[in-house]
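this one's structure only:
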């Protein structure tokens with residue numbers, strides 16, 4: 001995902017460089033580049049006031065040469081990230097299911113495999129596995145602060161005092177900008193800087209109609225910032241109707257979006273639905289959050305009705321009359337030593353359900369003289385597992401090679417910090433300003449609930 005969503009800059013075909021980043025797309029004149037989706041991993045240290053984000057936008061269009069622009073509050077430091085970085089994140093955050101041991105040998109019909117939990121608000125986790133020097137105007141209002149190469153991408157970091165000067169600089173450097181100066185001025189007035197990067201479509205997939213589609217290689221930006229912010233407004237330019245953004249936010253606390261973009265409109269009703277099926281309590285402090293937030297639930301639900309944000313178990317939320325879709329939380333966890341240890345293979349990726357039939361076969365139980373003794377052993381194993389793990393074992397599955405490749409996340413996951421994964425489909429009219437990402441706290445109550453396993457849901 002990325003820092004800012006993308007706007008549409010247009011890049012002359014003779015231009016040696018242009019942008020690839022988190023804000024807006026720039027493409028060849030009379031060509032079209034759109035941003036249908038994006039993924040972003042953001043890490044924010046509130047004490048040091050340092051934000052780090054890795055962005056990977058998805059694009060589609062007919063430009064042979066294009067790029068992106070990423071605005072940031074201060075000058076960023078750029079570095080290359082693994083091409084499959086977001087695939088690794090997807091594998092790392094695959095939801096778990098609770099399973100209890102079963103026997104294939106016991107004649108009892110009640111000894112069946114149980115799976116606690118039904119997919120809810122979960123979607124397939126197979127996510128994508130993947131200038132020349134500016135001629136200065138008479139007044140040096142646009143300054144190239146830095147230029148270089150990150151991975152295979154040329155980049156320039158520039159500053160501008162006025163939007164019209166920046167607009168002219170883009171034109172002088174063979175960019176044709178399809179947006180308005182007002183969008184540029186939004187960031188110029190805040191004295192943000194702009195990173196422009198070139199994207200090589202030769203590395204992208206070409207469709208039968210000649211257009212291109214694909215994901216840009218992830219790039220990391222690190223910069224100083226007083227708050228955790230995501231430049232959303234600039235992306236509006238390269239969005240026709242909507243864009244889907246998947247956020248992974250790492251911070252010392254769980255995070256949420258402000259106001260009507262909060263995921264609580266779907267998270268709270270999901271916890272309520274799960275509570276009726278889990279008399280032993282919702283795992284991951286979900287019950288504690290419901291209790292702490294209890295007084296706020298009626299006004300939250302009243303506002304949800306006003307927004308036409310409905311909740312239906314096992315279904316993705318649908319748009320309201322304005323085409324707005326509520327944010328959904330898809331994974332959240334405060335990383336433990338064991339979680340971080342998964343990256344190096346020191347900790348298992350998944351728990352293993354004991355094989356209570358181990359050592360026995362169907363042929364063994366066909367012998368009446370042995371069958372009862374074997375059944376006794378199996379029942380003892382089942383009883384032991386039930387006593388030790390009454391709620392079952394947390395299980396998930398991924399190819400061995402994908403689990404091994406999680407080591408590429410080493411150094412990016414911080415022990416004792418929260419990772420909050422949420423998805424938001426932004427309509428164009430929801431992108432009129434930048435996105436503030438805030439602590440998940442309400443009236444003094446802190447939402448530290450986790451979501452790493454599928455919950456059973458009460459029927460409607």
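Done, it's in. Computed from a predicted structure; not experimentally measured.

which residues of the protein score low on pLDDT?
Filtered on pLDDT under 70, the chain yields the residue ranges 1-37, 57-67, 108-140, 152, 174-180, 199-216, 458-460.

tell me the domain ranges of it?
According to automatic domain parsing, the chain is divided into the following domains: 8-81+130-240, 88-126+256-351+393-446.

take those and write them to TSV, including mean neighbour count.
(C-beta placed from N, C-alpha, C; glycine too.) Formatted as TSV, the domains of the chain follow (neighbours: other Cβ atoms under 10 Å):
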stretch	mean neighbour count
domain 8-81+130-240	20
domain 88-126+256-351+393-446	16
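
mind putting those domains into TSV with distance to residue 453?
Output for those, formatted as TSV (distance: least, Cβ to Cβ, whole Å):
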stretch	distance to residue 453
domain 8-81+130-240	22
domain 88-126+256-351+393-446	4
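
tell me the spacing between the residue lying closest to residue 447 once chain neighbours are set aside and residue 327.
Spatial nearest neighbour of residue 447, chain neighbours left out: residue 440 (3.8 Å); criterion: Cβ to Cβ, 6 or more residues apart in numbering. Taking Cβ to Cβ, to the nearest Å as the measure, residue 440 falls 12 Å from residue 327.

in contact with residue 318, which residues?
Neighbour list for residue 318: 310, 325 [criterion: Cβ atoms under 8 Å, 6 or more residues apart in numbering].

that one belongs to a helix, doesn't it?
No: counting by DSSP: H, G, I helix; E, B strand; the rest coil, residue 318 is located in no helix; its state is coil.

quick one: it and residue 361, what's the gap?
From residue 318 across to residue 361, the span is 51 Å (Cβ to Cβ).

buried ones in the longest helix along the chain?
If you go by DSSP state H, the chain has its longest helix at helix 368-388. Within helix 368-388, the residues that qualify as buried are 374, 375, 378, 381, 382, 385, counting by 16 or more other Cβ atoms under 10 Å.

can you name the next helix or strand after that helix?
strand 393-395 (DSSP states H and E).

and that following strand, how far from the chain's centre?
Relative to its parent chain, strand 393-395 has a centroid offset of 23 Å by Cα atoms, centre = their mean, to the nearest Å.

ranges for the helices of the stretch 351-460 of the chain?
362-365, 368-388, 400-404 (DSSP state H, counting those that start in this stretch).

I misspoke; the intended subject was the stretch 101-250 of the chain.
Under DSSP H, counting those that start in this stretch, the stretch 101-250 of the chain gives helices at 163-172, 181-188.

what angle separates the first one from helix 181-188?
Put plainly, it is helix 163-172. Here the directions of helix 163-172 and helix 181-188 differ by 110 degrees (axes from the mean of the first three to the mean of the last three Cα atoms, to 10 degrees).

and helix 163-172, what does it pack onto?
With contacts defined as 3 or more Cβ pairs under 8 Å, 6 or more residues apart in numbering; DSSP states H and E, helix 163-172 has these neighbours: strand 142-150, strand 153-160, strand 175-177, helix 181-188.

between these, which gets nearest to residue 258?
Among the helices and strands packed on helix 163-172, helix 181-188 comes nearest to residue 258, with 18.1 Å by Cβ to Cβ.

okay, and the nearest residue to residue 42 once chain neighbours are set aside sits in which element?
Nearest residue to residue 42, sequence neighbours excluded (Cβ to Cβ, 6+ apart): residue 53, at 4.3 Å. Per DSSP H and E: residue 53 is located in strand 50-61.

please apply the same query to residue 272.
helix 264-275.

state whether residue 323 is indeed within a strand.
No: going by three-state DSSP, the assignment for residue 323 is coil, not a strand.
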